[in-house]
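Asks: Predicted coordinates and the sequence they were generated for:
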Amino acid sequence: MTTAVTLNVFYFLSFVAIFSALMVVFSKNPVHSVLYLIITFFCIGGHYLLLNAEFLFIVHIIVYAGAIMVLFLYVIMMLNLNKESEPHKSTLLKVAATICSGLLIIVLVGSLKGTELMMTQQPADISISTVKSLGKVMFNDFLLPFEITSVLLLAAMVGAIMVGKSETAER
Amino acid sequence: MTVFLIFFPLLVSLFIFLVRPAQAKTIAFAASVVELLATLYITTQFSKNELFQFVLDVPWIQSLGLNFAVGIDGISLVLVLLTTLLVPGIILSTRNKQFAKPHTFYGLVLMMEMALVGVFVALDGLLFYLFWEIALIPIYFICLIWGGEDRGRITLKFFIYTLAGSLFMLIGLVYLYLATPGEHTFALAALYEAGQALSPGEQGFVFWLMFVAFAIKMPVFPFHTWQPDTYTVAPTQGTMLLSGIMLKMGIYGVIRWLIPMVPAGVAAWGPTAIIISVIGIVYGSCIAIVQKDFKRLIAYSSVAHVGLIAAGTFTLSVVGLQGAMIQMVSHGIVVFGMFYIVDVVAERTKTRTLDSLGGIRNVAPIFATVFVIVMLGSVALPLTSGFVGEFLLINSIFQYQYVLGAIAGLTIILGAVYMLRTFQKSMSGEVNNVTAGFADLTTEEKWVLYPVVVLIILIGIYPAPLLELSEPAVTNLLKVYSNLSASVK
Amino acid sequence: MINNIPIDYYIWLAAALFTIGVLGVLYRRNAIIIFMCIELMLNAVNLVMVAFSSYLNDGAGQVFVFFIMAVAAAEVGVGLAILVLMHRNTKTVDINVLNRLKW
Amino acid sequence: MNALFVICGLGIAALVAEIVNLKKWLTAFVIVGLVAAMATIFIDFGTSTMHFSEMLQFDNFSLAFSGLIVVTTIFWFWLANDYFRLQPHITDRTALVLFTVAGAVIMASFNNMAMLFLGIEILSISLYVLAGSRKESLFSTEAAFKYFLMGSFATGFLLMGIALIYGATGAFHLTKIAEFIDANPAGLPTFFYAGILLMFIGLAFKISAVPFHFWAPDVYEGAPTSITAFMSTVVKIAALAAFYRVFFIFSSVDHTLTRVIQGTTILTLVIPNITAVYQQNVKRMLAYSSVGHVGYILLGFLANATESANAIFYYLCAYACASLTAFAVLHVIGSYNRSTTVEYFNGLFKRNPILAVAMTFALLSLAAIPPLPGFFGKYMIFAMAIEQGYTGLVILAIITSLIGVYYYFRIIIAMYFQEPSAEPLSLGTSTRVLLIALIAISLILTICADRFVGLVG
Amino acid sequence: MVGAQLVALLIPLFPLLGFLIVALNVKKVSHGFASTVACGSVLISFILSVFAFVQLLGGTPSIEVTLFRWISAGGFSATMSFLIDPLSSLMLLIITGVGFLIHVYSVGYMHGDEGYNRFFSYLNLFVFFMLLLVMGANYLVMFIGWEGVGLCSYLLIGFWFKNQAYNDAANKAFIMNRIGDLGMLLGIILIIVNFGSIQYTEVFPKASSVDAGTVTLITMLLFVGAMGKSAQIPLYTWLPDAMAGPTPVSALIHAATMVTAGVYMVARNNVLYAMSSATLEMIVIIGLATALFAATIALTQNDIKKVLAYSTVSQLGLMFLALGLGAFTSGIFHMATHAFFKALLFLGAGSVIHAMHHEQDIRKMGGLKKYLPVTYATFLIGVLAISGIPPFAGFFSKDEILASAFAHSKVVWAVAVIASLLTSFYMFRLLFLTFFGNTRASHDTIHHIHESPKSITTPLIVLAGLSVVGGFMGVPEALGGSHWLSNFLAPVFEPSKGLIEAHHLSHSTEYMLMAVIVLLTLGFIGFAYSRYVSKAHVPAAEGQISSGLQRTLYNKYYVDEIYDAIVVKPLYWISSVFDKVVETLGIDGLVNASGKAVVEGSKTARKLQTGSIGFYIFMMVIGIVLVLSAVFMK
């Protein structure tokens, strides 16, 4: 694809991502928020593709759109919050919130300068983001984190069970 | 030997804490007597012309430059003598009073003795600071557990107030410590050296950091407000420890850890110190005049006296320092006697309000006579210990500056005013229903008070030995001072 | 073809998403939405991470993203469990109901 | 390294114990295991090794801190044993605690941002659950929820920070980042600094530095007392270790960071100490005080990042010892009467002298009264700060610690001065022994201070 | 010589021993034993003093002993050392002699008092300190005595301590003396500063080397001490109140010995005083003023002892006048004679009071001479002596003073004469009201009146004798005498001779003066006789004093009230201000306020912890923004 096209794609994706992200925040109905969030995730996935991280794209879609968001939906259904159940928040707070985050983005963007100083890149090779190379990195350098993640997940599992399980069984 | 002086009381107190023997008092008393004997032995072995003797210097926490360095020179010895002399009396002064948890009480008293001796013999800055603080803990608990009403608030005020001061002193010490050349150390000599090297400005800074601590401890006006309340609520023994010995820590700190340490600072700010001390003299005496509570009155009189001592010390003359030394001893003994008398009165009449007393002379002549003598010691009548000190002190202040000397001299008059008033209100006149059944001194009380009387008169007539004990140390100290201040100028 | 999109674009985009996430956290009182916004923030991080990794030709960044995803999943698991527990106790997911612990 | 394996193994073993039904032996077994871990640390001590392609670095620093963490955990198991006895899910809880410890060890020894991240997450996720582990109590739940929500929020910033730093330096390894910084001191992009600050935010949350501390008092109060004890000792140590490891590298590069840390330090010194004064609930008061202590440690780090490791380590030793003692007493009080307000300490000296004395030691040490270890800790930090010319901050710190004395001594006054409000509590032998042991340790810390100060090197 | 030194040591030692023996067994020993020991010890030291006196007459210039080093610090060092030269030996004789008589007197006077032993122990202690005062070879030893006698006077004034009024008097005496003592102490210190020593023998020779201004300051300060001790304006008010003590005390301490310490001190330092004319002028003025002032007050007093007290003050005024004029010998001379007759008068008064069962108001007396012949006779002699009727003791000494006054300036002379005339008037007023006319006492008192026992009368008689012949130790050349006393004291006053211009009156002038004074005196006596015997006028009771002047005099010019208003009240006021305001609200208030501030701060600060997650996160984000904005601050 030509530069122009990629750029347009980029703009499109970014626009949709930001728009739906905003909708996540502002839509009254939680279910809608979830759906908007899923859209955002897809857009981000799109960006991954633009960045030649196809494998990551796949994982991303599976994990987020496939697992996490489903979990959210599930909980929402379970606690049936799928209505404008949220009590109204005072406008003052809303204004304050907006101002705060406005300031935040200003300082963020302001402080994210200086990319020109980044190390000059050798010609891009697509290979780094292939499953093979990623696997290499993962299982050579990042072996220990990988293992430790298992502990993490185990802990999370135990914890979740502990929290979820009702006491009465034991008593 | 010095080490024995420090750790013997500690061990005994631990023994009393843990084993909780029935005869806590007896054991504590015996221990304190042993301590006294040990000190006397040291005094006999002490050679007047050398400076530090019985020195021990072993590293403790090198990473902090903290060594366990202790030693005794004339100045220390006099104060250690005072301490070890008073503590047995303090233990005896409980008389037949039944404390809750006696072992805790006597244990704390001995621990206090340990800390006080430590303060007077420490030759390492941080060690000195440690003992200085450790001394605070037992006295705090003595006052908190066995004190009078509202003690919770008052003792906390006392603790925080003094702690505040000493933390500033800590900054000062660290400041000097970091100024020590080469491998940092808290050794006395090194700190002197470091202090000497500092610029006058820095020295003034350090001076105030440390002076505040000492001033609060003494306490001199206007850092004294913790003192009357604390003296009043503390149990008599606590008050004796506070006024008899702890107060001297402040003066000692000035003499040993301030004057030679930051000569230029002292030269620059000493006059200010003298002035506030002199103000304190008049101020304390005046307030003492209108006090209703016997104990509180003595507390304020103590403010006045210590003001005089402080002023004399800062004249930086041999006369002044010697006067301070002798007056510390004298004041320790006198004030001990005074508080003991207060305690006797309070215990028998269940009140300390002067107006409700009176006529005790009729029923307890011996007691009254003892009171008179102690009182004379306090108003510095010649041939009592008080006179020697006050004469030298006023002498030094007057030589330093005529007007200040004259004002400081007012203590002679005002002291007479409030003391005679006290005596008249409590002892003279007709007996009333409060004092009617006042029993005269018991044998045990005589055993405490007679030595006090004897000492007051003895020191008053023949103070030479004590003076000679500290003279070389003092002279040397001032020589160091003058050299340093000269070298800075 | 990556190189013709400046890295700054990605950083700005990520910053925007991140801030929107923060905004959501500040803006909403519904615990679930807040969770989702936090997830959004994490995704912003992922995005910038991937961008960097491909601009630096370094796989480590992408691997790191895997870990973030895994952790995010775990976190959501536990988090939702706690949320359910809370809902069981208070019958609501409004965060401002939870202010018994204060002062 | 081995210690880490041992601990993870123990965690899994604890889960297995559920199946093979060894519950009653579990605690003992765990303690033995932890002792073993301690032993391995002893053996490794003095060596400095990288593991798994420089993911973990076990130098004296990490070994010392891991050791401190493990020992603290051992004592914690001792004081909290009834937390397991009285409630269900022994095995799960034990396992979670052990995983937390594993996370803590990782945080003390990571050399790679990924490990830092994972360590923090293991620790946090387990803690979220533990904090909420008294499910019948709404406070517990609320604590868990608050902790979780704000924790994951902070994680976002941490990750953003990591990402930016990665972008700037192209590395996750602390060592590589350090090299990179040395290599081109001038050419560091702005967003690299932003990354540092974002990471600072993330970690400041973990060490509960003001203004990122708001969760701490609430969570500490809401969580079961024993878990609070765990959080305010083990977790805090780990967090501070991680904090030190990260910013030790960045301390050289950049002045915005020092400025920020200065501000945080001042706030962290003032606000919690002031707030603690008015607390009636001792548990909550201790929570504030533990936030306050972070201020002093930050001061030390600020004064001299490279040298302060020793001071911070000793400070943490003293702090851990003291607060374990305090929480042990608190635990006893709390377990007898459901609340822990000051009134419940009234006349404790007359009722249970041992408790009162132990508490006194703890409080005096926390208030930095000589000769207790707390004093030496503060002293070292102050000395360093003065040496670096932070005299003003030191004076502030002194004032705050005086305020500290004020609130600590309210308890002492209650214990010694107030009249007993209740019957003496009956103490188990193990509690007595524990208290005496802790007092002994605090004395050892004083007398052999040199041994501990030198450890980190 | 060694013998002499031993004597010098023993003189103060015996009274001390006597004190210790009695005091330590005050409860155990019998009254008889106590009094014996007391009198005995004083008697012995009297004999010893006589011995020392003889030694001096035998040509020994002076006796010096040094016991031990007392206080020493740095360069300064004070020794415990004694010096007996003519001056001090004269004092010794008076103190021990008169002291002994008064001891004997007390045996009878204090008979049956519960504090009998205590009384004698105090008396002995007093004698001891008094001896230290006069024998001290340096200022500090003198200061010991100086303060010691103050203490004893305090103890003895408040001897009957059940009566708080007496205690007040005692406190007043002690504190006023203390004021003087402070001045004295400072003076001594100043001497140390300038002379580097406090030994008389070292100070006086150097005197010329010190500049006059300093000497003036020194002498002024020392004189402040004298004011206090010797009851001069403005510090005299304690003396009349001091009459609260038993009469022997008044006689010994407040007439014969202690109050003359000031005179002794000035005479002792004659060199220094001679050097500073300013001080001398001041002394003249103060002495003169005191003499007149006290005399006028004495005119209207009705308490027999009060009258004597004021006359004492006035006589002391005369002595200081003499000293101020540089006539040191005359001052000492008058002091000696005054010791005799004033002691006599007090003891006589004591005898009257004793007889009247402690009635002291002369308005309730009268016509006593037939009941108390001995007392009357001796009292009469005393009165004649004090009035300066030749050839009684007072005549010579007073005449000398007036003569030198005349030589100095007519005005001074005139005032002094007035004072002495007034003296004779009120003394005779006292005499007449007490012993003449018909008695005004109630019947049962009359019933019990009887002459006092031997132990009381004997001392009276002896003192009467002394008052008659005492004057002959200093008969001036004018009357063909050789003035033995001045020759005897000459070595002491030698150094100051040169410094003061000696003015000599021609004998004719002297005769003239004497005649004038004696005649005037007789005139006043006549006036008194006509008023109080012929007209039998009796002073009115408090209520109906007619003229304002009289009331003023009767109330002693309201001086006590004035002092109370300008010194005492302000002191208490400022003290309570310190206590209530400065202390409580000011300093301590500040301290407590800081504590309060922290608590209040905490109350507000905890509001920050609202408990709502939303708020927390808000704060966090604000924090974050701030932190990140740090990036731009480079």
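Replies: In hand now; what should we look at?

Asks: Could you give the number of residues near whichever residue of the stretch 51-200 of chain D sits closest to chain A?
Replies: When distances are taken as C-beta to the nearest C-beta, the stretch 51-200 of chain D reaches nearest to chain A at D:Pro189, 2.9 Å away. Every residue, glycine included, has its C-beta placed from N, CA and C. By other C-beta atoms under 10 Å in any protein chain shown, the residues close to D:Pro189 number 20.

Asks: pull the longest strand from chain B.
Replies: Longest strand in chain B by number of residues (criterion: DSSP state E): strand B:53-61.

Asks: Could you spell out the sheet neighbours of it, each with its direction?
Replies: strand B:66-72 (antiparallel) (DSSP bridges).

Asks: which parts of the longest strand of chain B are buried?
Replies: B:53-54, B:60-61 (16 or more other C-beta atoms under 10 Å in any protein chain shown).

Asks: Tell me the one among the residues you listed nearest to chain E.
Replies: Among the buried residues of strand B:53-61, and counting by C-beta to the nearest C-beta, the member closest to chain E is B:Gln53, at 22.3 Å.

Asks: Could you list which residues are in contact with the closest one?
Replies: The contact partners of B:Gln53, by C-beta atoms under 8 Å, 6 or more residues apart in numbering or on different chains, come to B:45-47, B:71-73.

Asks: possible to save the buried residues of strand B:53-61 as JSON lines with pLDDT and distance to D:Ala328?
Replies: What follows is these, written out as JSON lines (pLDDT from 0 to 100; distance: C-beta to C-beta, whole Å):
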{"residue": "B:Gln53", "pLDDT": "87", "distance to D:Ala328": "47"}
{"residue": "B:Phe54", "pLDDT": "90", "distance to D:Ala328": "43"}
{"residue": "B:Trp60", "pLDDT": "89", "distance to D:Ala328": "29"}
{"residue": "B:Ile61", "pLDDT": "85", "distance to D:Ala328": "27"}
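
Asks: Can you tell me which of those residues is nearest E:Phe82?
Replies: Nearest to E:Phe82 out of the buried residues of strand B:53-61 is B:Gln53 (C-beta to C-beta; 38.9 Å).

Asks: What distance do you get for A:Ser20 to chain E?
Replies: Note on A:Ser20: its distance to chain E, by C-beta to the nearest C-beta, to the nearest Å, is 23 Å.

Asks: Ignore what I typed, I meant D:Leu363.
Replies: Counting by C-beta to the nearest C-beta - D:Leu363 and chain E are separated by 18 Å.

Asks: quick one: buried residues of the helix or strand hosting that residue?
Replies: Here D:Leu363, judged by DSSP states H and E, is contained in helix D:353-366. By 16+ other C-beta under 10 Å, the buried positions in helix D:353-366 come out as D:354-366.

Asks: Make JSON lines out of those residues and add distance to D:Ala168.
Replies: Listed next are the buried residues of helix D:353-366 as JSON lines, based on distance: C-beta to C-beta, whole Å:
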{"residue": "D:Ile354", "distance to D:Ala168": "56"}
{"residue": "D:Leu355", "distance to D:Ala168": "54"}
{"residue": "D:Ala356", "distance to D:Ala168": "55"}
{"residue": "D:Val357", "distance to D:Ala168": "54"}
{"residue": "D:Ala358", "distance to D:Ala168": "50"}
{"residue": "D:Met359", "distance to D:Ala168": "50"}
{"residue": "D:Thr360", "distance to D:Ala168": "51"}
{"residue": "D:Phe361", "distance to D:Ala168": "48"}
{"residue": "D:Ala362", "distance to D:Ala168": "45"}
{"residue": "D:Leu363", "distance to D:Ala168": "46"}
{"residue": "D:Leu364", "distance to D:Ala168": "47"}
{"residue": "D:Ser365", "distance to D:Ala168": "43"}
{"residue": "D:Leu366", "distance to D:Ala168": "41"}
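
Asks: For those residues, work out which two are farthest apart.
Replies: Spanning the widest gap among the buried residues of helix D:353-366 are D:Ile354 and D:Leu366, at 18.7 Å by C-beta to C-beta.

Asks: Not counting its neighbours along the chain, what's nearest the residue of chain C found nearest chain B?
Replies: Proximity of chain C to chain B (C-beta to the nearest C-beta) peaks at C:Trp103, 23.3 Å away. By the measure of C-beta to C-beta, 6 or more residues apart in numbering or on different chains, the closest residue to C:Trp103 outside its immediate chain neighbours is E:Arg606, 4.6 Å from it.

Asks: so who does the one you found touch?
Replies: Taking C-beta under 8 Å, 6+ apart, one finds C:103, D:275, D:278-279 in contact with E:Arg606.

Asks: what does the helix or strand encompassing B:Ile366 rub up against?
Replies: Assigned by DSSP H and E, B:Ile366 falls within helix B:365-378. With C-beta under 8 Å, 6+ apart as the test, helix B:365-378 has contacts from B:301, B:305, B:330, B:333-335, B:337-338, B:341, B:344, B:360-361, B:384-386, B:415, B:419-420, B:422-423, B:426-427, B:438, B:440-441, B:446, B:449-450, B:452-453, B:456-457, B:460, E:26-27, E:151.

Asks: One more: stretch E:4-18?
Replies: Identification of contacts with stretch E:4-18 by C-beta under 8 Å, 6+ apart yields E:37-38, E:40-42, E:44-45, E:48-49, E:51-52, E:55, E:60, E:63-65, E:67, E:82, E:84, E:92, E:96, E:120-121, E:124-125, E:127-128, E:131-132, E:135.

Asks: Could you list the residues of the stretch 101-250 of chain D in contact with chain A?
Replies: With C-beta under 8 Å from any C-beta of the partner chain as the criterion, the stretch 101-250 of chain D meets chain A at residues D:102, D:106, D:112, D:114-115, D:118-119, D:121-122, D:125-126, D:128-129, D:132-133, D:135-136, D:144, D:164, D:167-168, D:170, D:187-194, D:197.

Asks: Could you tell me which of those count as buried?
Replies: Here, 16+ other C-beta under 10 Å leaves D:102, D:106, D:112, D:114-115, D:118-119, D:121-122, D:125-126, D:128-129, D:132-133, D:135, D:144, D:164, D:167-168, D:170, D:188-194, D:197 buried among those.

Asks: Could you tell me which of those belong to strands?
Replies: With DSSP E as the criterion, strands contain none of those.

Asks: near chain E, which residues of chain A?
Replies: Residues of chain A lying near chain E (C-beta under 8 Å from any C-beta): A:93, A:96-97, A:100-101, A:103-104, A:107-108, A:110-111.

Asks: Among those residues, name the ones in helices.
Replies: A:93, A:96-97, A:100-101, A:103-104, A:107-108, A:110-111 (DSSP state H).

Asks: Which one of these sits in the busiest neighbourhood?
Replies: A:Leu108 leads those on contacts (other C-beta under 10 Å) with 27 neighbours.
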